[in-house]
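J.: no sequence for this one, just the structure:
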């Protein structure tokens, strides 16, 4: 019913049990059928594993709904802000530019949260918002991915507490040639607590959490002691915020791509070939895309390059490259076209019709 709301069985249950709302907000109702009772009893687990993919933002509440790419809350956890009479994500999107209202977002949210929002990609046609499953990139529910969601936070915290991150101290003990000192401040040996909590640069980040019940800047504590202090002096929400940001600091993404082993060939007679590519960097520089169109005689007839509005992940960048390639092809009236990209996973998703994940609205 979440993935295929147009199916007949979805229509029947919606008409009977949640005609004016989403299934995740539905009530069990009076005299429910055995099937509906079973479905409704599983909704709590489904809520933990779903979040909104932003389309036009009209159905997503800014503070109450899960829509940010920030595990494990996926919610806005910044101090509350007055969004007046329309607290929906649509109020943050400019319908004319089909992009975020950057100045408005920077004025309403803390810098790190504003940066996160501005990195969320929007589709050019601003489709309807859609609930997606966060347990895998395809956005499709599986039992395996549900188990992954249940274990994800536990595994991350356990990995950090077991001191398994590649700090300078750990690299030195594993035979890597390193002084062991923090490469940012050069004041102390870089172990796990120093890297994520005690370094001056880490303290600057934690100082943005202004209403934290524990002073993370002045106290010299390890992650477990901080968690216990938060439980004693704060709330469960404080603990969730701490582990959300801690998880983000523990996570890194590889930008490496395997080069294609297939040589380039011109398209068949009467067709155009549109090659697209995207580039993303590990620093704060914005992503960029490039498009080139060839005819069947191997002649380049048009090209496009563009710097995007934010530093996206490589997967989002490649998806936006395909989108801009399609728009450029329409502009050049290349009706019969073959698209070529080195992003194999995106091509496979398009060919198979599996576009339910985080970037499905772009594809």
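T.: Sure thing, it's come through. Predicted model only: the values in this text are computed from it and were never measured. Numbers count the residues shown, from 1 in each chain.

J.: Residue 322 and residue 345: what is the separation?
T.: 12 Å (Cβ to Cβ, to the nearest Å). Any C-beta I mention is one placed from the backbone N, CA and C, and that applies to glycine too.

J.: of the two, who's got more company?
T.: residue 322 (24 against 13; other Cβ atoms under 10 Å).

J.: Just the buried positions in stretch 289-302, please.
T.: For stretch 289-302, the buried set under the neighbour-count rule, 16 or more other Cβ atoms under 10 Å, comprises 289-295, 302.

J.: which among the residues you listed gets closest to residue 357?
T.: The shortest gap between residue 357 and any of these belongs to residue 289, at 19.7 Å (Cβ to Cβ).

J.: Let me know the pLDDT of the closest one.
T.: pLDDT recorded at residue 289 is 92.

J.: what does residue 220 give?
T.: Per the predicted model, pLDDT is 73 at residue 220.

J.: Report the contact partners of it.
T.: Counting by Cβ atoms under 8 Å, 6 or more residues apart in numbering, residue 220 makes contact with residue 198.

J.: Confirm it sits in a helix?
T.: No. The assignment for residue 220 by DSSP: H, G, I helix; E, B strand; the rest coil gives coil, which leaves it out of any helix.

J.: tell me the domain ranges of the protein?
T.: By the assignment in automatic domain parsing, the chain contains the domains 8-133, 143-250, 272-352.

J.: what sits against residue 200?
T.: 184-185, 187.

J.: Drop anything exposed from those.
T.: Buried among the contacts of residue 200 by 16+ other Cβ under 10 Å: none.

J.: so can I have a markdown table of those showing pLDDT, distance to residue 354 and secondary structure?
T.: Listed next are the contacts of residue 200 as a markdown table, based on pLDDT from 0 to 100; distance: Cβ to Cβ, whole Å; DSSP: H, G, I helix; E, B strand; the rest coil:
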| residue | pLDDT | distance to residue 354 | secondary structure |
| --- | --- | --- | --- |
| 184 | 80 | 41 | coil |
| 185 | 77 | 45 | coil |
| 187 | 75 | 49 | coil |
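
J.: Closest one of those residues to residue 339?
T.: residue 184 (42.3 Å).

J.: excluding its backbone neighbours, what's nearest the closest one?
T.: residue 201 (5.0 Å; Cβ to Cβ, 6 or more residues apart in numbering).

J.: sec struct for residue 339, please.
T.: Here residue 339 is strand, with the state taken from three-state DSSP.

J.: Touching, it and residue 274? I think so.
T.: Yes. In this structure, residue 339 is within contact of residue 274 by Cβ atoms under 8 Å, at 5.1 Å.

J.: Have a look at this protein and report the helix or strand with the lowest mean pLDDT.
T.: Lowest on mean pLDDT, DSSP states H and E among the helices and strands of the chain sits helix 143-161, with a mean of 52.

J.: moving C-terminal of that helix, what's the next helix or strand?
T.: Going down the chain from helix 143-161, the next helix or strand is helix 168-173, by DSSP states H and E.

J.: Could I get the full set of strands for the stretch 151-300 of the chain?
T.: 272-279, 288-294, 300-307 (DSSP state E, counting those that start in this stretch).

J.: residues in contact with residue 69?
T.: 116, 119-120, 358.

J.: To clarify, my last question referred to residue 25.
T.: residue 18.

J.: Next: residue 123.
T.: Contacts of residue 123 (Cβ under 8 Å, 6+ apart): 55, 323, 361-362.

J.: 7 Å instead, please
T.: By Cβ atoms under 7 Å, 6 or more residues apart in numbering, residue 123 lies in contact with 55, 361-362.

J.: With residue 89 instead?
T.: By Cβ under 7 Å, 6+ apart, the contact set of residue 89 is 54, 57, 60, 62, 67.

J.: Among those residues, which one has the most neighbours?
T.: Counting by other Cβ under 10 Å, top hit in these: residue 54 with 27 neighbours.

J.: residue ranges with poor pLDDT in the stretch 51-200 of the chain?
T.: Scanning the stretch 51-200 of the chain for pLDDT under 70 picks out 71-72, 78-86, 135-165, 175-179.
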